[in-house]
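K.L.:
Structure here, sequence nowhere to be found:
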């Protein structure tokens, strides 16, 4: 009897995991056929890897294989802006439909289900890790030091990067999750309430871009929290790109393949040998560089097929887990080193390979066994609740 119960439980969870694999990056049922753009998933995965390399360089002061990964070590921070542009494009593709754009509450719930559980999980890991560092090992906090009660509540409410923080705290990379979540809420509100959402969003892009430009030129950027403007500009650039691309036929030309490769070369050369450390450079990447990369990939002939390879698609699937879990892994590497359990040389390529292997494996496990199951539970709960509400409303109308 017990064996039968155990087998039924295992069968249930195996079915749930298989169900998770059929769901997309942004939640809800998997988009069938050509609606899911697999090559963009791959770009997201590569961008996540680039951010990991940027933090590896900064947090460990080490740059193995610098000749290859130099552009990421020096300028990988700008890839966060690529996430913003890509999110604006993909969310526009998903929600610029009458069947979805007016469901404001559902859209916000599904977005929160996509973001918050993994944020909370990795936030908890960092909380435990920093506690071990400061209270058990009596060492300083690793990288991010604003880990007090105030920033604890900011992280709980995803407001840790809206301008009311003293600095980066706990799982530092989650600052972009904070700003993007609230920018997406603005996006959903405009979609649901505006008669001309495209015009409203373009106007918002012009205003935010103008404010960002004014702040840069006036030299007051250091006095005002730039993260929200940075996120807003990137996200809305993605929205505009979607509206430009959506009515046009996909070109499928090798000219776009060549343009994509040329763009990558110019960006890599500029990152490694040029001077890109300026707000103006970031602004131009958001408005022009990253949208052009997405456009050329969408309209290429051979590059999209290359990016659809299964491993690249897998990297895209787990990219959100990679982004949020890579710092906790760095933290526990540092704890093990501080405790004398390991003595890695972070400048050695083998250490980088081990770190990447651990990050990708744990990100995959997190994606299939935590991120999507929890997301699906929340989405299922909301769907059932929404059906009950609809039935009650129908009863009242009768």
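P.N.:
Yep, it's here. Not measured: the values here are computed from a predicted model.

K.L.:
how many other residues sit next to residue 346?
P.N.:
19 (other C-beta atoms under 10 Å). (Each C-beta comes from the backbone N, C-alpha and C, glycine too.)

K.L.:
and it, what does it touch?
P.N.:
Applying C-beta atoms under 8 Å, 6 or more residues apart in numbering, we find residue 346 in contact with 56, 60, 61, 62, 64, 352.

K.L.:
again, only this time at 7 Å
P.N.:
Contact analysis of residue 346 by C-beta atoms under 7 Å, 6 or more residues apart in numbering lists 60, 62.

K.L.:
ok, now residue 295?
P.N.:
Contacts for residue 295 (C-beta under 7 Å, 6+ apart) come out as 241, 245.

K.L.:
how far away is it from residue 40?
P.N.:
11 Å (C-beta to C-beta, to the nearest Å).

K.L.:
same deal with residue 151?
P.N.:
33 Å.

K.L.:
swap in residue 291?
P.N.:
With C-beta to C-beta as the criterion, residue 291 and residue 40 are 12 Å apart.

K.L.:
The two: which is more packed in?
P.N.:
Legend: neighbour count by other C-beta under 10 Å for residue 291 and residue 40, higher for residue 291 (24 against 20).

K.L.:
doesn't that one fall inside a helix?
P.N.:
Yes: Residue 291 sits within a helix when classified using DSSP: H, G, I helix; E, B strand; the rest coil.

K.L.:
is it true that it touches residue 88?
P.N.:
No: using C-beta atoms under 7 Å, residue 291 is not in contact with residue 88, being 9.5 Å away.

K.L.:
where exactly do the helices run in the stretch 151-300 of the chain?
P.N.:
For the stretch 151-300 of the chain, applying DSSP state H, counting those that start in this stretch gives helices covering 175-193, 197-218, 227-245, 254-273, 279-284, 290-299.

K.L.:
could those be laid out in TSV, adding mean pLDDT and distance to residue 143?
P.N.:
Below are the helices of the stretch 151-300 of the chain laid out as TSV (pLDDT from 0 to 100; distance: least, C-beta to C-beta, whole Å):
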stretch	mean pLDDT	distance to residue 143
helix 175-193	94	13
helix 197-218	71	27
helix 227-245	89	18
helix 254-273	90	22
helix 279-284	76	22
helix 290-299	95	27
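
K.L.:
nearest to residue 75, of the ones you listed?
P.N.:
Nearest to residue 75, of all the helices of the stretch 151-300 of the chain, is helix 254-273, at 3.8 Å by C-beta to C-beta.

K.L.:
what touches both of residue 291 and residue 88?
P.N.:
Common neighbours of residue 291 and residue 88 (C-beta under 7 Å, 6+ apart) are residue 237.

K.L.:
How far away from the center of its chain is the lengthiest helix in the chain?
P.N.:
In the chain, taking DSSP state H as the definition, the longest helix is helix 104-131. Taking C-alpha atoms, centre = their mean, to the nearest Å, one finds helix 104-131 lying 12 Å from the centre of the chain it belongs to.

K.L.:
List the buried residues for that helix?
P.N.:
Within helix 104-131, the residues that count as buried by 16 or more other C-beta atoms under 10 Å are 106-119, 121-123, 125-127, 129-130.

K.L.:
ok, now stretch 152-161?
P.N.:
Buried-residue list, stretch 152-161, by 16+ other C-beta under 10 Å: 154, 155, 158, 159, 160, 161.

K.L.:
Please verify my assumption that residue 308 contacts residue 39.
P.N.:
Yes: if you go by C-beta under 7 Å, residue 308 and residue 39 touch, sitting 5.9 Å apart.

K.L.:
related to what we said a few turns ago, okay, the angle between the longest helix of the chain and helix 175-193?
P.N.:
Counting by axes from the mean of the first three to the mean of the last three C-alpha atoms, to 10 degrees, helix 104-131 points 170 degrees away from the direction of helix 175-193.

K.L.:
Helix 104-131 - contacts with which helices or strands?
P.N.:
Packing partners of helix 104-131 (3 or more C-beta pairs under 7 Å, 6 or more residues apart in numbering; DSSP states H and E): helix 175-193, helix 319-338, helix 372-397.

K.L.:
Just give me the neighbour total for residue 69.
P.N.:
Residues near residue 69, counting by other C-beta under 10 Å: 21.

K.L.:
is it true that it touches residue 52?
P.N.:
No: Residue 69 is not in contact with residue 52 according to C-beta under 7 Å; the separation is 10.3 Å.

K.L.:
what about residue 330, how many neighbours?
P.N.:
21.

K.L.:
Against residue 56, how distant is it?
P.N.:
For residue 330 relative to residue 56 (C-beta to C-beta), the value is 7 Å.

K.L.:
which residues touch residue 123?
P.N.:
With C-beta under 7 Å, 6+ apart, residue 123 has these contacts: 155, 170, 171, 174.
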